[in-house]
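J.: My questions concern the predicted model and sequence given below.
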Amino acid sequence: MTETIITVGQSNIEHLQPLGIRTVVLLSADTSLRSRIRSSLMSLRWQVREASGGAEAIAQLEESPAEALLMDSWLPDLDATEFVTQIQLLYPLMEFLRLDGSVQDESCRLRSPRRHELLHALREAHNTVLNDTVVWAMAPTAVPHIVPSRSFDIRSRHSENCLTKPSATIPELVGQCPLMTEVAHLIRLVAPRRTSVLIEGETGTGKEIVAHALHRLSLRASKPLTILNCAAIPEALLEAELFGHTRGAFTGAVHARTGRIEAAHGGTLFLDEIGEMPLALQSKLLRFLDCGELQRVGDNEIVRVDVRVIAATHQPLEILALKGLFRLDLYHRLAVFPIEVPPLRLRERDIDLLSEHFLDRLGQDAPRKHLCAESATRLATHTWPGNVRELVHVLERAVILAQNRSHLELSDIRFGRGTLVT
């Protein structure tokens, strides 16, 4: 296969002519950095849309595609590597450049002549002198890539606001086992989108924590996260609680009330224990998911609501649907992107991390306790039918039993109804 080698020196860049108005998304958490690059790009007749995080950039591209994306070397909300992979899959023809200049292999899809203008804008914005020639090697049917003869780091020359790269993990999730790493990966991928998510997992695994992480990493983070536990509300009141009601709609409705869906407008609605929702109400929820419209109980008015729905269940909804106990069409509508939270018994290597995390939390209002070796071993070998929630309760009980001792002894670790470990 023949390769086309395009050489661009400094003199070539300085004599570029505008090629017409195009749109570029400028992605960086650094406001000052964006301002400098924006001015240079606008002088070359680029329309610039700015984004401070990966979620915001994805939303902008979904709303209106762009010819190019300039991305900073790290993102405040998403993993940069996963973001790049996702963007390349979604927009394979879009020009792409990392602002730190460290583009290699398939990290960039720049093509002539737009690429000249983009690098020109970066050089103008940062007074970056390209003393060496920059060479792009591009095979006609292969993915283009940049081969710089000398690496140039724009941020290192403009770092008064340089931020520390955040951890690749999600703060809400504690754990380093492969199963939890995959959960974090899935959260980062789907959080910026409007896609419905179904969180599955046993009771006590932390499904609500996953929902909070999805909301925090979404573009709706500044809007409400409304939570409704479908198992905690009597069936007769669940429809009114979810959709709202007018005054006099039923006995006891002395005032009109906004439902949970409407209260979450612009944000996220988290429906916990969705498997407990009555079949009759499931059809009404399905209609809302399909068209974004609802009717309050006792009202004929149609209300349009913009809500991203996240549901959670400990039940096998697909099996229930095959038995006629849950609507199959609603299951498929909710499970567009399923995330399964693993039980604690499959996360043995995370038990120590979780224990230290919860002991830190329990030590905020009292002297911090520590596990002795025997106690840690006992926790690691327990089957944890109650999952993470059970671990929290066992540790809280142990802290109380330890009284003034700084370490939790084996006798302080009790399961079930306070049964002493043997």
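T.: Nice, I can see it.

J.: Doesn't residue 26 belong to a strand?
T.: Yes: under DSSP: H, G, I helix; E, B strand; the rest coil, residue 26 sits within a strand.

J.: got the domain boundaries for the protein?
T.: Domain ranges of the chain: 4-157, 178-340, 344-420, per automatic domain parsing.

J.: Mean pLDDT lowest where, among the ones you listed?
T.: Ranked by mean pLDDT, the domains of the chain end with domain 4-157 at the bottom, a mean of 63.

J.: returning to what we had before: using a markdown table, lay out the domains of the chain together with distance to residue 171.
T.: (C-beta placed from N, C-alpha, C; glycine too.) Listed next are these as a markdown table, based on distance: least, C-beta to C-beta, whole Å:
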| stretch | distance to residue 171 |
| --- | --- |
| domain 4-157 | 11 |
| domain 178-340 | 8 |
| domain 344-420 | 11 |
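
J.: wait, which of those is closest to residue 170?
T.: Across the domains of the chain, the minimum distance to residue 170, taken as C-beta to C-beta, is reached by domain 178-340, at 4.8 Å.

J.: contacting residues for residue 70?
T.: Going by C-beta atoms under 8 Å, 6 or more residues apart in numbering, residue 70 touches 24-28, 37, 97, 99, 118, 122.

J.: Looking at these, which is nearest residue 390?
T.: Proximity of the contacts of residue 70 to residue 390 was ranked by C-beta to C-beta; the top entry is residue 27 with 42.2 Å.

J.: which ones are touching that closest one?
T.: Going by C-beta under 8 Å, 6+ apart, residue 27 touches 50-54, 56-57, 69-72, 75.

J.: Please apply the same query to residue 175.
T.: 181, 347, 350, 353-354.

J.: any idea which of the residues you listed is closest to residue 385?
T.: residue 347 (14.0 Å).

J.: Burial check on the closest one, number of neighbours?
T.: 23 (other C-beta atoms under 10 Å).

J.: residues contacting it?
T.: Residue 347 is in contact with 175, 177, 179-180, counting by C-beta under 8 Å, 6+ apart.

J.: What's the separation between residue 386 and residue 215?
T.: 25 Å (C-beta to C-beta, to the nearest Å).

J.: hmm, back to that, would you mind putting the contacts of residue 347 into TSV with distance to residue 201 and secondary structure alongside?
T.: Shown next, in TSV, are the contacts of residue 347 (distance: C-beta to C-beta, whole Å; DSSP: H, G, I helix; E, B strand; the rest coil):
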residue	distance to residue 201	secondary structure
175	13	coil
177	14	coil
179	11	helix
180	12	helix
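
J.: Mind naming the longest helix for the chain?
T.: In the chain, taking DSSP state H as the definition, the longest helix is helix 387-402.

J.: pretty sure residue 311 is in a strand, no?
T.: Yes: membership of residue 311 in a strand is supported by three-state DSSP.

J.: dump the residue contacts of it.
T.: Residue 311 neighbours (C-beta under 8 Å, 6+ apart): 196-199, 270-272, 274, 334.

J.: next one: residue 230
T.: 238, 271-277 are the contacts of residue 230 under C-beta under 8 Å, 6+ apart.

J.: let's go with 10 Å and repeat that
T.: 238, 241-242, 271-278, 281, 285, 311-313 (C-beta atoms under 10 Å, 6 or more residues apart in numbering).

J.: Repeat that for residue 399.
T.: Residue 399 neighbours (C-beta under 10 Å, 6+ apart): 358-359, 362-363, 366-369, 405, 408, 412.

J.: Can I have the buried ones of the residues you listed as a ChimeraX selection?
T.: Buried residues among these (16 or more other C-beta atoms under 10 Å), as a ChimeraX selection:
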select :358,359,362,369,408,412
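
J.: Quick one: the contacts of residue 399 as TSV, columns for secondary structure too.
T.: Shown next, in TSV, are those (three-state DSSP):
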residue	secondary structure
358	helix
359	helix
362	helix
363	coil
366	coil
367	coil
368	coil
369	coil
405	coil
408	strand
412	helix
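
J.: Make TSV from the contacts of residue 399 and add distance to residue 232 to it.
T.: What follows is the contacts of residue 399, written out as TSV (distance: C-beta to C-beta, whole Å):
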residue	distance to residue 232
358	24
359	29
362	26
363	31
366	31
367	35
368	34
369	32
405	38
408	33
412	32
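
J.: which two in the contacts of residue 399 are spaced the farthest apart?
T.: 358 and 405 (17.6 Å).

J.: wouldn't residue 220 be in contact with residue 309 here?
T.: No: using C-beta atoms under 10 Å, residue 220 is not in contact with residue 309, being 11.4 Å away.

J.: shared neighbours of the two, which are they?
T.: Residues touching both residue 220 and residue 309 (C-beta under 10 Å, 6+ apart) are 194, 264, 268.

J.: what about burial for the contacts of residue 347, which qualify?
T.: Buried among these (16+ other C-beta under 10 Å): 175, 177, 180.

J.: Which of those sits closest to residue 41?
T.: Taking C-beta to C-beta as the measure, residue 41 lies nearest residue 180 of the buried ones among the contacts of residue 347, at 40.3 Å.

J.: okay, now the nearest residue to that closest one once chain neighbours are set aside: neighbour count?
T.: Once flanking residues are discounted, residue 180 sits nearest to residue 173: 6.0 Å by C-beta to C-beta, 6 or more residues apart in numbering. Using other C-beta under 10 Å, residue 173 is surrounded by 18 other residues.

J.: Then residue 395?
T.: 25.

J.: can you pull the contacts of the residue lying closest to it once chain neighbours are set aside?
T.: Among residues not flanking residue 395 along the chain, residue 358 sits closest, at 5.1 Å (C-beta to C-beta, 6+ apart). By C-beta under 10 Å, 6+ apart, residue 358 lies in contact with 174, 388, 391-396, 399.

J.: Now a PyMOL select for only the buried ones of those.
T.: Here is the PyMOL selection string for the buried members of those, based on 16+ other C-beta under 10 Å:
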select buried, resi 174+388+391+392+394+395+399
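
J.: ok but residue 349 is inside a helix, no?
T.: Yes: looking at residue 349 with three-state DSSP, it is inside a helix.

J.: Apart from its chain neighbours, what residue comes closest to residue 227?
T.: That would be residue 270: by C-beta to C-beta, 6+ apart, it lies 4.7 Å from residue 227.

J.: what does residue 76 give?
T.: Using C-beta to C-beta, 6+ apart, the closest residue to residue 76 is residue 29 (4.6 Å).

J.: do the same with residue 239
T.: Nearest residue to residue 239 in three dimensions, chain neighbours excluded: residue 281, at 5.4 Å (C-beta to C-beta, 6+ apart).

J.: pretty sure that neighbour contacts residue 243?
T.: Yes: with contacts counted by C-beta under 10 Å, residue 281 reaches residue 243, the gap being 8.9 Å.
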